[in-house]
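[1] Here you go, sequence then predicted model.
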Amino acid sequence: MTVVAADAPIVLDVQAMRVAVRTDHGDGPVLVDDVSLQLRRGEVIGLIGESGAGKSTIGLASMGYTRRNCFIVGGKVLLGGAGDLRAMTPDQRRALRGLKISYIAQSAAASFNPAMTLMDQVCEAPVRHGVMDTATARAAAVQLFRELDLPHPETIGGRYPHQVSGGQLQRVMAAMAMIGRPEVIVFDEPTTALDVTTQVECLASFRRLVREHGSAALYITHDLAVVAQIADRIMVLRRGKMVEFGDARQILQEPREDYTRRLVSERIAGHTFVAKPEGTAPLLAVKGVTAHYAGRPNVIDDVSLEIQAGDTVAVVGESGSGKSTLARVVTGLLPRAAGDVRFNGASLAPRLKDRSLDQLRRIQMIYQMPDVALNPQQTLLDVIGRPVAFYFKRSRAEVRVRVLELLRQMDLPEHFIDRKTSELSGGQKQRVSIARALAAEPDLIICDEVTSALDQLVGEEILRLLKRLQDELGIGYMFITHDLGTVKRIANKVVVMLRGKMVAGGDTASVFAPPYHPYTELLLSSVPEMRPDWLDEALARRAARIVA
Amino acid sequence: MGRLILNRSILGILTLIAASALIFIGTEILPGDLASAILQNQATPENLAKLRLDLGLDKPALLRYAEWLFGAVRGDFGRSLANGRDVMELIAPRFGNTMFLAAYAAIVAVPLAVGLGLAAAIRQGGVFDRTVNLLTLMTISVPEYFLAYLLIKYVAVELGWFPSLANVSSDTSFLDRLYYAFLPMLTLVLVIVAHMMRMTRASVLAVMASPYIEMAILKGLTKARIVMRHALPNALAPIISVVALNLAYLIVGVVVVESVFVYPGLGQLMVDEVSKHDVPVVQACGLIFAATFILLNMVADILSILSNPRLRQPR
């Protein structure tokens, strides 16, 4: 960490800020309650918390901006020498945004206008604010592209957002935020949507840029290990209130508050739920499977794996590695082009519609986004009862009894049965998804990134639930994930995929112990650790490998 | 992208051929015999047989269709049964008049609708937005002939600002044409503006909810810049297709308005000739309407493709 002088000027001073929802129907909940912070020149403050903690709201409100129906209802936001943003006219606020304070959003793909070139968007703020002419702005942009290690810095600006990769787009957004030489940058989960190996590169670029330009930053994230690499101080938030605020090392190593301790300890240790398989005959055997979408090259190529009853087999890889395609082939949504998929000894038909009802029942799936996977208009009885009625032909009364039983098993209150799925929280929805899969009484459940859309502590509970069900029912899990931390804790076997091919496979302990496959090693070394020095070490290791 | 546009063009031509077949079949199955309809009380068996031979009605339908289509491609639609004049000669000035009225209405209506839609989107939920929404809703809810008569009663008769009849002729000067055709134009504008304006508003509002609009706000851009540079270009595709649909209506759907204002356009001609059983003229009008409709939609599709950077600039 850089040492920020205690007498460095304060560039952002948030005093007792309150943000609340106000609609025509009256006052809504308070999203941010009495939060204060002083950001000094060159300092990075990390804002950390789970969803609903108010982190993004604080970041946006620091720019004098609130989303629809939200209002800053109390406190002051003093930006540098410009005064209180709340007391300004909209035009005065507008003149500061993009110049004195700028923003980097989570999803670069969604935050760029698809119909404008990158260069036009990067140069837009300084040119429109009249502080640079177009030529100067373009030169400054190319310089930033170079500093951010973007390929072809001279010409990449002529491209449209869909023509560059996610990690590159995220760095172009950093250039867009930096070009006006702002005093404060708000980073809002800028690496959350990236693969681990890309995340390391982006984090390193961001940190170097912030240090070299002497900007101050608010760095918002839910990942303590990420914030550990970049922040001087960390503020822990929960439900809009400050829980703890202190020096980064103190928060990570000697948290004072109970909630912070829980966050830190879950991240460091995590509980292990490693499966202990009982069976010997394979439940699912995938042999040399190759598949592709119509008229395109193979998405998965010669993949093999075996799952026994009670096994948890993790399929690991970055986006585009073909892990979800493998799930689609096993379920028959995508017919395989070559190879064999055997289930309980019998070969499964490539197509879903050629499989028997019993075969369909025995393989179920749980998805990443419970919001999208559940019909928001249906009640829990509809959602969970449907497979019960469909596979077992039960009467309405019997279905209801069975759904209640499943709700109890999921630790969901019985009176939820007549609620619509849209009324539940993210974690509750994922429990409903699990109940729906379980209602078919399957032998194998394919879990596709089931915890990645959930908060850390909620995700932890889902993992615990899945493990308990496995112990009780002996289900096999095929667990698709990009999160290696989770893999180590739950899977007894692992398959590592890279661009559609299996690069490593076997018992988790042996795959994750030396000698590694180089890609496995890259993945492992890219998972951020809680130590503030981790990023420097990881970069040094990478550099050493390139030299070697 | 080139292939996409080629596909769209081929599809357009196929649709046009299908439409021509429908028009031909439609006139073919009309009740009554064409020859006896022409001859009426002079329909002796010999006369009928001779006329059928003259008209080529003894040939098989498929052959007659092919001959008609082939002629139509070269601009030869045959001769009018009513007065023996060349159909093309009969139609050409009328088609010119219809195109004039359509262009007149389009030049007023399209910028007006898009402008109002943008303004309403910027002031979403405000007094302006609600007023515009209400007014345009009223104009689409009222049938066009009623709207036309209202305009005649108030603007033409009581105020006397514009003439109620728009019977222009070939020697009317351009400025006079604008003057005479003002009320039919206004009627058409009132009918089509609402649809286009509402689509512009809805489409821009949908884009205004995107994260890149929030990013534009956080870059400190002005509202005008955000709407014109960030929202509108990404909202174009649905706006283009609604504009095309309404432009097609200006040519194809003007029958009622032309009749009310006695405007000598193609729609009025078609209505007259249908009552006279003048089959070649009706077929020609039908084919021109179909071609206009298909062509405009094809152009709209191609423009939508061009407005999408993902298709214009592949990876």
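    Cool, got the structure.
[2] looking at chain B, which helix or strand is least sure?
    Within chain B, no helix or strand scores below helix B:34-39, which has a mean of 67 by mean pLDDT, DSSP states H and E.
[3] ok, then the element right after it?
    helix B:45-55 (DSSP states H and E).
[4] Run the chain-centre distance for that following helix.
    38 Å (CA atoms, centre = their mean, to the nearest Å).
[5] in it, what's buried?
    Judged by neighbour count using 16 or more other CB atoms under 10 Å in any protein chain shown, the buried positions of helix B:45-55 are B:L48, B:L51, B:R52, B:L55. To be clear about C-beta, it is placed using only N, CA and C from the backbone, and glycine gets the same treatment.
[6] what does stretch B:211-226 give?
    For stretch B:211-226, by 16+ other CB under 10 Å, it's B:Y212, B:I213, B:E214, B:M215, B:A216, B:I217, B:L218, B:K219, B:G220, B:L221, B:I226.
[7] And for stretch B:91-111?
    B:91, B:94-95, B:97-98, B:100-102, B:104-106, B:108-110.
[8] swap in stretch A:209-216?
    By neighbour count on 16+ other CB under 10 Å, the buried set for stretch A:209-216 is A:L209, A:V210, A:S215, A:A216.
[9] ok, now stretch A:347-361?
    Under the neighbour-count criterion of 16+ other CB under 10 Å, stretch A:347-361 has A:L348, A:P350, A:R355, A:Q359, A:L360, A:R361 buried.
[10] now the helices for the stretch 401-548 of chain A?
    A:426-439, A:456-473, A:484-490, A:508-511, A:518-526, A:534-547 (DSSP state H, counting those that start in this stretch).
[11] how about a markdown table for these, with mean pLDDT and mean neighbour count added?
    Shown next, in a markdown table, are these (pLDDT from 0 to 100; neighbours: other CB atoms under 10 Å in any protein chain shown):
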| stretch | mean pLDDT | mean neighbour count |
| --- | --- | --- |
| helix A:426-439 | 90 | 23 |
| helix A:456-473 | 85 | 17 |
| helix A:484-490 | 81 | 20 |
| helix A:508-511 | 84 | 17 |
| helix A:518-526 | 83 | 18 |
| helix A:534-547 | 78 | 13 |
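[12] Relative to chain B, tell me which of the ones you listed wins on proximity.
    Of all the helices of the stretch 401-548 of chain A, it is helix A:426-439 that lies closest to chain B, at 19.9 Å by CB to the nearest CB.
[13] what's the closest non-adjacent residue to B:V252?
    The shortest distance from B:V252 to any non-neighbouring residue, by CB to CB, 6 or more residues apart in numbering or on different chains, is to B:F289 (4.7 Å).
[14] which stretch of helix or strand covers A:A135?
    helix A:134-147.
[15] what comes into contact with that helix?
    A:119, A:122-123, A:126-127, A:132, A:153-154, A:156-157, A:171-172, A:174-175, A:178-179, A:205, A:208-209, A:212 (CB atoms under 8 Å, 6 or more residues apart in numbering or on different chains).
[16] Chain B versus the residue positioned nearest the centre of chain A, what's the distance?
    Centroid-nearest residue in chain A: A:T192, 4.6 Å away (criterion: CA atoms, centre = their mean). Distance of A:T192 to chain B, computed by CB to the nearest CB, to the nearest Å: 14 Å.
[17] Correct me if wrong: that residue contacts A:Y219.
    No - look at A:T192 against A:Y219 with CB atoms under 8 Å: they stay out of range, at 11.8 Å.
[18] Could you measure from the residue of chain A positioned farthest from its centre over to chain B?
    Note on chain A: the largest C-alpha distance from the chain mean falls to A:S395, namely 41.1 Å (CA atoms, centre = their mean). According to CB to the nearest CB, A:S395 and chain B sit 45 Å apart.
[19] and the gap between that residue and A:Q378?
    Per CB to CB, to the nearest Å, A:S395 is found 20 Å from A:Q378.
[20] Does the one residue in the stretch 1-150 of chain B that gets nearest to chain A fall in a helix, a strand, or a coil region?
    At 9.9 Å from chain A, B:G125 is the closest residue in the stretch 1-150 of chain B, using CB to the nearest CB. With DSSP: H, G, I helix; E, B strand; the rest coil as the basis, B:G125 sits in coil.
[21] after the helix ranked longest in chain B comes which helix or strand?
    Scanning chain B for the helix with the most residues, using DSSP state H, yields helix B:87-122. Next helix or strand after helix B:87-122 toward the C-terminus (DSSP H and E): helix B:127-141.
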